[in-house]
Structure formats: C-alpha cells, structure tokens
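[1] Generate coordinates for the sequence data below:
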Amino acid sequence: MRGAHFVSALVLLFGLGAACSNEKPAAPAVAPPPAAPPPPNPVASNPDAAAKPKMVANPDGLSLADRIAKRQAAEKKLADQLAVDENKRLLAYDKTKLPLHKEVFAAIEKYRAAYAHAKTNEDVEKIRVKQEKAIEATGKKMATIDPKGGNSNVVTDYDVILNALANDYPDALEASFRGDKKPLAEQTAELDKRTKKIEDWLAQVKAAKPAKK
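    Residues are numbered from 1 along each chain as shown. The predicted structure is shown next:
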C-alpha cells in the first residue's frame, strides 16, 4: 500500500509539471515609441527671419527708378514753393523799409563814384579820408533796416559794399596805379554783381503791393 501511494504522488507531480510546461509564458510589456520632436521654430533657428519682412508687390506699380523720380519731383515742388513764400516774406518786409533802402543805396553809389575821379594814390587817400565818417554813418543807418537780421534781402550786400569802399576798393585802386590791375578787376566785378542785385531787388520792392494788415 505504501508503494502504491508513492507511485500516485509521482504521477501527480509529473502531471502538474507537464501542465506547467504547456502554459505559454506571458509576453513582456513593450514601451511605446518616443513621440516625434516638434518642428523647429523658424524664428528661433533663424533670428533674421523675424526681422526681414516678406517681399510684397509695390501697390502703385512703379519701378524703383520711377519712385525715385516721383519723390525728387515732389521735393523740388516743395522747395520751389518754400522759395516763393520766402521771397514774398522778404518783399513784404523790405517794402516797409523802402525809404531807408533808397537813402543807403544812393549814398553807396555816391561813395563809389567819388573814386572815379582819382588819378593818383594821393587822390585815393584824400577821397578815402574824406568819406570815412560818411561811410560809417551810412553803415549805422543801414543797420536800422534789419536790426535782428534775416528779414531784408540786400542788407548783407550793403554791408559788403560799404566795407569794400572803405578798405579793399581804394587799396585795389592804388595797386592799379602801380601796375597791378588784378585786384581792381576783382573788386569791380564783385561790386558790380552786388549793385545789380540791389537794383533788381529794389525795383521788385517798389512794384510789390503793400502787405494786407
């Protein structure tokens, strides 16, 4: 009987072992594949991308050369208009000072004409000394035309001519008597140019209508 029980136990153990060997082992858990990284930020990878705007078609349909020409034409138109406005302003101001202009310019022409009678250096010096105080007085009168500056179109020309007649012009005249004609030619050209400007301007001032109050 004891032998029979032992055999039965062995049979039972063998059966259990066979049953266990027939069971399939559980499949190991598989980790999911990693998520794909997000696409790179175009601004982060290329900082210049944010700074450079996209090229768009010009809405006016003009070429670069046409746009430049258009801008230059507009700038010229503005400059011309500003020049016209400034000329009107100067005319209006000098119109109110016309009597003084006439006095100063008449004196200038007188001082210059006096040197035409000089034949020698001694003549030049006599005329220079004789006119010195008169030229100084005319300079003071001239200063009353435009005390603050920037309002008269010819006060600067008066000033240049008066200084020339007191100094550079007689010096050049004396040099011409010594045979050096160049300084006198230069002085004469400069005085003629400014005198013409003054004459033309005063003619415009005289013809201009008084500014409306």
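
[2] how about the helices in this structure?
    Counting by DSSP state H, the chain has helices at residues 2-22, 42-45, 48-51, 64-96, 98-115, 121-143, 155-163, 169-177, 182-207.

[3] distance of the most centrally placed residue in the chain from Ala69?
    Nearest to the geometric centre of the chain sits Glu75, at 11.8 Å (Cα atoms, centre = their mean). In this view, Glu75 and Ala69 are 11 Å apart by Cβ to Cβ, to the nearest Å. In this view, the C-beta of every residue, glycine as well, is placed from N, C-alpha and C.

[4] Can you pull the residues that touch both of these two?
    Residues touching both Glu75 and Ala69 by Cβ atoms under 8 Å, 6 or more residues apart in numbering: none at all.

[5] hang on, the earlier thing: for Gly149, which of the helices of the chain is the nearest?
    helix 155-163 (7.8 Å; Cβ to Cβ).

[6] what's in contact with that closest one?
    Contact partners of helix 155-163, identified using Cβ under 8 Å, 6+ apart, comprise 104-105, 108, 111-112, 135, 138-139, 142, 145-146, 149, 190-191, 194-195, 197-198.

[7] thinking again about what came up before, just put the helices of the chain in CSV and tack on mean pLDDT.
    What follows is these, written out as CSV (pLDDT from 0 to 100):
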stretch, mean pLDDT
helix 2-22, 44
helix 42-45, 53
helix 48-51, 56
helix 64-96, 83
helix 98-115, 98
helix 121-143, 97
helix 155-163, 98
helix 169-177, 97
helix 182-207, 98
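
[8] Pull stretch 122-138 out as CSV, backbone CA atoms only.
    Output of stretch 122-138 as CSV, limited to C-alpha atoms (Å, rounded to 0.1, in the frame of the first residue of the first chain):
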residue,chain,number,x,y,z
GLU,A,122,47.3,160.7,-53.2
ASP,A,123,43.9,161.3,-54.8
VAL,A,124,42.7,157.9,-53.5
GLU,A,125,43.9,158.6,-50.0
LYS,A,126,42.2,162.0,-49.9
ILE,A,127,38.9,160.5,-51.0
ARG,A,128,39.2,157.7,-48.5
VAL,A,129,39.8,160.0,-45.6
LYS,A,130,37.0,162.4,-46.7
GLN,A,131,34.4,159.7,-47.0
GLU,A,132,35.4,157.7,-43.9
LYS,A,133,32.9,159.3,-41.4
ALA,A,134,30.2,159.4,-44.0
ILE,A,135,30.6,155.7,-44.8
GLU,A,136,30.5,154.9,-41.1
ALA,A,137,27.3,156.9,-40.7
THR,A,138,25.7,155.1,-43.6
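
[9] Just checking the distance from that stretch to the centre of its chain.
    Taking Cα atoms, centre = their mean, to the nearest Å, the mean C-alpha location of stretch 122-138 is offset from the chain mean by 45 Å.

[10] Which positions in it come out as buried?
    Neighbour-count burial for stretch 122-138 flags Asp123, Val124, Ile127, Arg128, Gln131, Ile135, Thr138 (criterion: 16 or more other Cβ atoms under 10 Å).
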